[in-house]
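Chemist: What follows is a protein structure lacking sequence information:
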């Protein structure tokens, strides 16, 4: 692998809290799909998180399009003063017999020309489709795991009204594996959508009632696991001036080494003076390896979601607290961690809470994992600033991918 030259981490935000054009801290974004990190909304501010990721399609389903326009901060989170990122809903439409979207996806329209197209995402309901619905209850749609599709322009309007600092372009994330020809057509379509997003974003920024005139647009690289498509798409995407660029469509089932090879192929073609964002990744080891390949920041549901199922991360690897072997274990989750959970509770106590079905189990586990991830990225930044990142990677990348005692 050709090693990416890593210098100092540098701040992602300037003194006014605006996104810098160069020099980025390695950061992890907690994910807010319904404006909450499962009971820890207030805690993340205390833990020195600088960015949060909010999935805008959940907001679009539960809040009328213009009712939140002009509210302080993102979707009622008026306590949050740092950087906020919103992302577009992924485009998912009718499934054909091959498992790929059917021919009704031809062209650039995300909704087939009128109305909405919905797809059940639960496996047992995967092929059930309700098309061209005029109205539906947003909570029912969320609970059924339905995806609502938008047009690129509509996505930009929603994110503009939310007033986030970073708006993500509307893109299509195809399945892996995906047929080459479909992935190629999808790349071309996503590129056309980025052009439309850029034009609409510029129009919205010029409006006198724009909620956040400083909002920046990030383009997203796609191409499934085909390196030639990825490279072509990144080169073309970089021609469209954006505040930063993301790599999307990875960590969706492909082998880890394939993900790393895609990052290595794409990174040389990403603008050097703009942030590089790897979407939906990942494990602690994934983060270290992606930083080694030139990535600046990340978002992932993993620390919170895994915690709610009893899987916790430590500096010696991960552990499953529901395991019988922790029944009488009086050690903290991680003796090297200074989070409130590790300072006050034992593994045995947390395991008891999980076995008893107590809500506190999930709260404490999420608290620890979010704290751990923030500590991980802080240590990565310190290692970069001290010129010790290679040593840090050698010590922890493989260790954190394993299991703790």
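Modeler: Noted; the coordinates are in hand. Predicted model, so just to flag it, every value in this text is computed and none were measured. Residues are numbered from 1 along each chain as shown.

Chemist: My read is that residue 371 contacts residue 337, right?
Modeler: Yes. Using Cβ atoms under 8 Å, residue 371 is in contact with residue 337, at 7.0 Å. Where C-beta positions appear, they are placed from N, C-alpha and C, glycine not excepted.

Chemist: who's more crowded, these two?
Modeler: Shown here are residue 371 and residue 337; by other Cβ atoms under 10 Å, residue 371 has more neighbours (25 against 19).

Chemist: from what I can see, that one looks like it's in a helix, true?
Modeler: Yes. Assessed with DSSP: H, G, I helix; E, B strand; the rest coil, residue 371 lies in a helix.

Chemist: Leaving out the residues flanking it, which one is nearest to it?
Modeler: Using Cβ to Cβ, 6 or more residues apart in numbering and skipping the chain neighbours, the partner closest in space to residue 371 is residue 339 (3.8 Å).

Chemist: which residues does that neighbour contact?
Modeler: Each residue near residue 339 by Cβ atoms under 8 Å, 6 or more residues apart in numbering is listed here: 367, 368, 371, 372.

Chemist: Quickly note the distance from the first one to residue 276.
Modeler: This points to residue 367. Distance of residue 367 to residue 276, computed by Cβ to Cβ, to the nearest Å: 29 Å.

Chemist: Looking at these two, which is more packed in?
Modeler: Taking neighbours as other Cβ under 10 Å, residue 367 and residue 276 compare with residue 276 leading, 25 against 22.

Chemist: Dihedrals phi and psi, the more buried one?
Modeler: Backbone torsions for residue 276, taken as degrees, to the nearest 10, come to phi -110, psi 130.

Chemist: Tell me what it is bridged to.
Modeler: Beta-bridge partners of residue 276, counted by DSSP bridges, are residue 245.

Chemist: got a list of what it touches?
Modeler: Residue 276 makes contact with 24, 244, 245, 246, 247, 267, 270, 294, 295, 296, 297, according to Cβ under 8 Å, 6+ apart.

Chemist: mind listing the helices for this protein?
Modeler: Along the chain, counting by DSSP state H, helices occupy 43-46, 56-62, 138-143, 152-162, 180-205, 227-238, 256-266, 284-292, 302-308, 340-344, 347-356, 359-385, 389-400.

Chemist: Low-confidence regions, the stretch 1-150 of the chain specifically.
Modeler: In the predicted model, the stretch 1-150 of the chain carries pLDDT under 70 at residues 1-85, 87-150.

Chemist: re the thing from before, of the contacts of residue 339, closest to residue 230?
Modeler: residue 372 (31.0 Å; Cβ to Cβ).

Chemist: Please look at that closest one and residue 303 and confirm they touch.
Modeler: Yes. Proximity of residue 372 to residue 303 meets the contact threshold set by Cβ under 8 Å, at 7.1 Å.

Chemist: Residues that sit against both of those two, list them.
Modeler: Contacts common to residue 372 and residue 303, judged by Cβ under 8 Å, 6+ apart, are residue 313.

Chemist: returning to that earlier point: which ones among the contacts of residue 276 map onto strands?
Modeler: Among the contacts of residue 276, the ones falling in strands (DSSP state E) are 244, 245, 246, 247, 297.
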